[in-house]
Each structure stands twice: as C-alpha cells, then as structure tokens.
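**Q** take this sequence and fold it.
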Amino acid sequence: NDKYLSTGIRTACTSGPQGTDLIKKFLKEFEKYLNPNGKVLIIISSKNNLKLNGWKEIDSASFFFEKIYLMKYHI
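**A** Next up, the predicted model:
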C-alpha cells in the first residue's frame, strides 16, 4: 500500500515516478547480453505506453483498466 511506503521504497517498487524506469533501462541494454539467436520475453502493461519496435506480440489479456501483453524479441 503506497501510503505506508517511504518515498525511496515507493520509487524502487514502482520503477521510478512513471513506473517505467527499469523497463526502459532493460530495453536499452538487453541486446548486448543475448547470444546469437537469443530470445527475450517480457510482460508489459498498456499503461506503460512503451513503443516496442522489433518485438512480436505473443499473447495478451484484457482486464478492467489495462491490457497485459506478452512480447517476444528474437535476434
């Protein structure tokens, strides 16, 4: 519950003020760690408003206020 967390813990749990800092960092750096023919799967929310160029949607599920996507990237 956010009201019981200090600002530092709240930021760490939500990945920054917008909730996307960790995902954005991962998206900038993941390719250098993949082997040839490497694959990455990531689950994201429509609320993240991220553009995933080169990624393929594998599956999705709609909930009350958002859509959850399973995305795949293959070198």
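**Q** just for the protein, where's the confidence low?
**A** 1-14 (pLDDT under 70).
**Q** that one: strands as residue ranges?
**A** Ranges of strands in the chain, per DSSP state E, are 39-45, 56-62, 67-74.
**Q** check contacts around the residue nearest to residue 49 when sequence neighbours are not counted.
**A** Nearest-residue entry for residue 49: residue 20, 7.8 Å, with adjacent residues in sequence omitted and distances by CB to CB, 6 or more residues apart in numbering. All C-beta atoms are positioned from the backbone trio N, CA, C, and that covers glycine. By CB atoms under 8 Å, 6 or more residues apart in numbering, residue 20 lies in contact with 48, 49, 50.
**Q** which residues in the chain form helices?
**A** Ranges of helices in the chain, per DSSP state H, are 7-14, 21-29.
**Q** contact partners of stretch 34-46?
**A** Residues from elsewhere that reach stretch 34-46 (CB under 8 Å, 6+ apart): 23, 26, 30, 50, 52, 55, 58, 66-75.
**Q** hmm, 10 Å instead?
**A** Contacting residues not belonging to stretch 34-46 are listed as 19-20, 23, 26-27, 30-31, 33, 50, 52, 55, 58-63, 65-75 [CB atoms under 10 Å, 6 or more residues apart in numbering].
**Q** now these: which count as buried?
**A** Neighbour-count burial (16 or more other CB atoms under 10 Å) applied to the contacts of stretch 34-46 gives 20, 23, 27, 50, 52, 55, 69, 71, 73.
**Q** contacting residues for the last one?
**A** Applying CB under 10 Å, 6+ apart to residue 73 gives the contacts 27, 30-31, 34, 38-42, 52-56.
**Q** so which of the residues you listed comes closest to residue 15?
**A** Set against residue 15, the nearest of the contacts of residue 73 by CB to CB is residue 27 (12.2 Å).
**Q** quick one: contacts for that closest one?
**A** Contacts for residue 27 (CB under 10 Å, 6+ apart) come out as 20, 40, 42, 44, 50, 51, 52, 53, 55, 73.
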